[in-house]
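>>> just coords:
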């Protein structure tokens, strides 16, 4: 029987408010939009669901709102078999929401209102200790307070659990903590903001990634959308080209990549293989609309991936 990866996600959840648009309105203008959808999202939740749908044993540590959205988020996690012991309600606080605007080419612009996510505290990490211990990876993002992220990194170090940090949305970081993570996974925009270096060309992306290695980060994995993903570690740099598809909606593709990357890295122990497979998983997620509902189960993914190989 094959190994079942165990992944702990300490981070955010959101309700996605998705509007399909022809174009963004100008200031003072009202524009009709063709379609609206409501779904479950948030970077932490998305990564947890991607890993769970593939077959991982997932523990989620997050705060939900004291409202109908919060109750729905808990039910949604449970529907995927995610451990919700530490999906706790923040009294008197609304759930986090993310208004998302998707254009005709499938590109998206996103706002976030953190809500209950701001109430996930460092002590919540230690409170969930028994559930997180023994995980193959801890997955972190930046939609919750930084002090909570830093405590989760320390918790991983103290308990020999590798940490994967997705620095999204980008903000100034203390590299005394960042250099303790096992894999640092920014996209090119986040890489530019964190390093204050250009990332328009592949050469510039490589230089910016190498600057993080020079600051002590062990492994940098830059997600580049249609250009693929760039892996930098130990003086080695390798580009993994993206899988070519015609996307309908790119919302959540980065989270699909990270959740599936963590799953397959835990499953195989081979980081390069995990990146290759995650490229496929992220690409296929863009063929459907929405976020978590666009993610594939292991069986669906294996079938769809085999179909791509035949084309």
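Thanks, I have it. Source: prediction; values computed, not measured. Residues are numbered from 1 along each chain as shown.
>>> show me where the stretch 201-311 of the chain has strands.
219-223, 229-233, 236-240 (DSSP state E, counting those that start in this stretch).
>>> Can you pull out the low-pLDDT segments for this structure?
1, 309-311 (pLDDT under 70).
>>> In it, which residue is most central in space?
Against the mean C-alpha coordinate of the chain, by Cα atoms, centre = their mean, the closest residue is residue 255 at 3.2 Å.
>>> I figured that residue hits residue 50, correct?
Yes - with contact defined as Cβ atoms under 8 Å, residue 255 reaches residue 50; the gap is 6.4 Å. From N, CA and C alone the C-beta is placed, and that goes for glycine too.
>>> show me the contacts for residue 188.
Applying Cβ atoms under 8 Å, 6 or more residues apart in numbering, we find residue 188 in contact with 199, 205, 222, 223, 224, 225.
>>> Tell me how far it lies from residue 219.
Distance, residue 188 to residue 219, using Cβ to Cβ, to the nearest Å: 17 Å.
>>> cool, residue 209 as well?
Residue 209 is 10 Å from residue 219, by Cβ to Cβ.
>>> Residues in contact with both of these two, list them for me.
residue 232.
>>> Between the two, which has more neighbouring residues?
Using other Cβ atoms under 10 Å, the more surrounded residue of residue 209 and residue 219 is residue 209, with 27 against 20.
>>> Let me know whether the more buried one touches residue 224 as I believe.
No - when contacts are counted by Cβ under 8 Å, residue 209 is not listed as touching residue 224 (10.7 Å).
>>> any residues in contact with both of those two?
Shared contacts of residue 209 and residue 224, counting by Cβ under 8 Å, 6+ apart, come down to residue 230.
>>> can you tell me which residues contact residue 170?
Counting by Cβ under 8 Å, 6+ apart, residue 170 has contacts 142, 186, 189, 190, 193, 194.
>>> can you rerun that using 7 Å?
By Cβ atoms under 7 Å, 6 or more residues apart in numbering, residue 170 lies in contact with 190, 193, 194.
>>> wouldn't the first one be in contact with residue 167 here?
Pointing back at residue 190 there. Yes - counting by Cβ atoms under 7 Å, residue 190 sits close enough to residue 167 to count as a contact (5.3 Å).
>>> Run a quick check on residue 179 versus residue 217, I expect a contact.
Yes - here residue 179 reaches residue 217: they are 5.4 Å apart, a contact under Cβ under 7 Å.
>>> which residues sit against stretch 252-261?
With contact meaning Cβ under 7 Å, 6+ apart, stretch 252-261 is reached by 41, 43, 46-48, 50-51, 54, 139, 164, 166, 185, 187, 223, 274-275, 277-278, 281-282, 285-286, 291-292, 294-295.
>>> Give me the subset of those residues that lies in helices.
Among these, the ones falling in helices (DSSP state H) are 43, 46-48, 50-51, 54, 274-275, 277-278, 281-282, 285.
>>> got those as TSV, with neighbour count and distance to residue 115 columns?
Conversion of the ones in helices among the contacts of stretch 252-261 to TSV gives the following (neighbours: other Cβ atoms under 10 Å; distance: Cβ to Cβ, whole Å):
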residue	neighbour count	distance to residue 115
43	29	14
46	31	16
47	32	19
48	33	18
50	34	22
51	29	24
54	26	28
274	22	32
275	23	33
277	23	33
278	26	29
281	26	29
282	29	27
285	31	25
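>>> with these in mind, which one is nearest to residue 98?
residue 43 (9.3 Å; Cβ to Cβ).
>>> Where does the residue in the chain sticking out farthest from the centre fall, secondary structure wise?
Within the chain, the residue lying farthest from the chain centre (Cα atoms, centre = their mean) is residue 28, at 34.0 Å. Per DSSP states H and E: residue 28 is located in neither a helix nor a strand.
>>> And it, how far from residue 111?
19 Å.
>>> Quick one: residues contacting the nearest residue to residue 44 once chain neighbours are set aside.
Nearest residue to residue 44 in three dimensions, chain neighbours excluded: residue 11, at 2.5 Å (Cβ to Cβ, 6 or more residues apart in numbering). Applying Cβ under 7 Å, 6+ apart, we find residue 11 in contact with 43, 44, 62, 139, 140, 141, 143, 144.
>>> I'd like the residues you listed laid out as CSV, including distance to residue 239.
Putting these into CSV (distance: Cβ to Cβ, whole Å) gives the following:
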residue, distance to residue 239
43, 24
44, 28
62, 34
139, 24
140, 25
141, 24
143, 28
144, 31
